[in-house]
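[1] coords please:
(one chain, ligands or ions: 2)
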Amino acid sequence: IVHIAALNKDRKIDDYQRIYNKIAEKIREEDEYDGYIGYGPILVRLGWHSSGTYDKTNNSGGSYGGTYRFKLESSDPSNNGLQNAAKFLDPIYKEFNWISHGDLYTLGAVCAVQEAQGPKIPWRPGRVDLPETETPANGRLPDANNGADYVRNFYARLRMNDREAVALTGAHCLGRTHYKNSGFDGPWGAASNSFTNEFFVNLLNEQWKLEKNKSGNYQYDSPKGYMMLKTDYALIQDPSYLKIVKEFANDEASFFKEFASSFQKLLENGIDYPKGAPQYIFKTLDEQDI
Ligand code: HEM
Ligand SMILES: CCN(CC)c1nc(N)c2ccccc2n1
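    Ligands and ions are numbered 1, 2, ... in the order given. This next block holds a predicted model:
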């Protein structure tokens, strides 16, 4: 399968910056969502899940076709709760319906990371909506009840190495788990909507206790009310992952640098960009004094 980015001569950076600003202003405005966490984290998750169906063995899935918009994919149990992110983006798609769904979902995730004070994520337009027949089957997204070998194997399908895998998991600095969505719960107390390296600091500094929660899922809980999935905790059980966790816990800039390149790679997996395809780095609202 080959997906070539469509170059649209009529659209320039300010067209996309306008959409970025619309999303960013809506995140700022609707701040009460999910106990005042806001829509940032779930927009990041939508961009990640619409990209995480990619399979390098046949270059299928991924963000290009915007197939999350079809029932088969949006009703994947792994996507429970993401309807809220899709509903958030609906009015923006109606106003700017020249953009493809794949570009919108990934632009929303880039906007959410940057507006949470995270690193700048370079972004390239050109994804093209594919028909419903191209929707990948359920089951391509990861299952949290697993250890390091599973995590390494899963990320290999997305062409990600250990460093990229650890960096990407650092996005769990944002938001929380929701029992009704995934059968996991927490962290409790101050859930975060700022993009930092605290996920790695917590992994190393908290006391973790493996607990079976009421749904029969296992998760690691800490006395301070933090939690880790088994796939999170795997990052300190495996010696290669642990080394990288320590680097990112001690050097936030290094985490930011790796996250930016890994997240762009994740959002662009499966797409061939022609020579001269434009790449944009959007300004945050703060940088525009908005
Ligand atoms: C082995 C890989 C991964 C597993 C098993 C996993 C699993 C999960 C689970 C179970 C939740 C809770 C969903 C809910 O209950 O609402 C979650 C939330 C989240 N995930 Fe992951 N995840 C993985 C990788 C990633 C990656 C690569 C990113 C982004 C780069 C990411 C970003 C997020 C965000 C931002 C949330 C919070 C969403 C919210 O607050 O609504 N995750 N993840
Ligand atoms: C770093 C602690 N937090 C956010 C305050 C956290 N920790 C997690 N382990 C986590 C796992 C999946 C989704 C969100 C998550 N958030």
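
[2] Using PDB, list the CA coordinates for stretch 71-85.
    The C-alpha trace of stretch 71-85 is given here as PDB (Å, rounded to 0.1, in the frame of the first residue of the first chain):
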ATOM      1  CA  LYS A  71     -17.800   3.300  13.000                       C
ATOM      2  CA  LEU A  72     -15.600   0.200  12.700                       C
ATOM      3  CA  GLU A  73     -12.600   2.100  14.000                       C
ATOM      4  CA  SER A  74     -14.300   4.600  16.400                       C
ATOM      5  CA  SER A  75     -16.100   1.700  18.100                       C
ATOM      6  CA  ASP A  76     -12.900  -0.300  18.700                       C
ATOM      7  CA  PRO A  77     -13.000  -0.900  22.500                       C
ATOM      8  CA  SER A  78      -9.400   0.500  22.500                       C
ATOM      9  CA  ASN A  79     -10.900   3.800  21.400                       C
ATOM     10  CA  ASN A  80     -13.500   4.100  24.200                       C
ATOM     11  CA  GLY A  81     -13.900   7.700  25.200                       C
ATOM     12  CA  LEU A  82     -12.300   9.200  22.200                       C
ATOM     13  CA  GLN A  83     -15.800  10.200  20.900                       C
ATOM     14  CA  ASN A  84     -15.400  13.200  23.200                       C
ATOM     15  CA  ALA A  85     -12.300  14.300  21.200                       C
END
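
[3] Can it be said to contact ligand 1?
    Yes - against ligand 1, stretch 71-85 shows contacts by CB under 6 Å from any ligand atom at residue 81. Placement of C-beta: from N, CA and C, glycine included.

[4] The most centrally placed residue in the chain in helix, strand or coil?
    Central residue of the chain (CA atoms, centre = their mean): residue 48, 3.4 Å from the mean position. Recorded secondary structure, residue 48: helix (DSSP: H, G, I helix; E, B strand; the rest coil).

[5] Make sure it is actually in contact with residue 266.
    Yes - with contact defined as CB atoms under 8 Å, residue 48 reaches residue 266; the gap is 6.7 Å.

[6] Common neighbours of those two, please.
    residue 168 (CB atoms under 8 Å, 6 or more residues apart in numbering).

[7] which secondary structure element contains residue 130?
    Assessed by DSSP states H and E, residue 130 sits outside every helix and strand.

[8] Excluding sequence neighbours, find me the nearest residue to it.
    Nearest residue to residue 130, sequence neighbours excluded (CB to CB, 6 or more residues apart in numbering): residue 65, at 3.0 Å.

[9] you'd agree the one you found is in a strand?
    No - under three-state DSSP, residue 65 sits outside any strand and is assigned coil.

[10] ok, now which ones touch it?
    3, 102, 127-130, 134-135.

[11] That one and residue 129: what is the separation?
    Separation of residue 65 from residue 129 (CB to CB, to the nearest Å): 6 Å.

[12] Please enumerate the shared neighbours of the two.
    residue 102.

[13] one step back: any of the contacts of residue 65 buried? List them.
    Buried subset of these (neighbour count, 16 or more other CB atoms under 10 Å): 3, 102, 127-128, 130, 134-135.

[14] In JSON lines, list those residues along with pLDDT and secondary structure.
    JSON lines is the format used below for these (pLDDT from 0 to 100; DSSP: H, G, I helix; E, B strand; the rest coil):
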{"residue": "3", "pLDDT": "98", "secondary structure": "strand"}
{"residue": "102", "pLDDT": "99", "secondary structure": "helix"}
{"residue": "127", "pLDDT": "98", "secondary structure": "coil"}
{"residue": "128", "pLDDT": "98", "secondary structure": "coil"}
{"residue": "130", "pLDDT": "98", "secondary structure": "coil"}
{"residue": "134", "pLDDT": "98", "secondary structure": "helix"}
{"residue": "135", "pLDDT": "98", "secondary structure": "coil"}
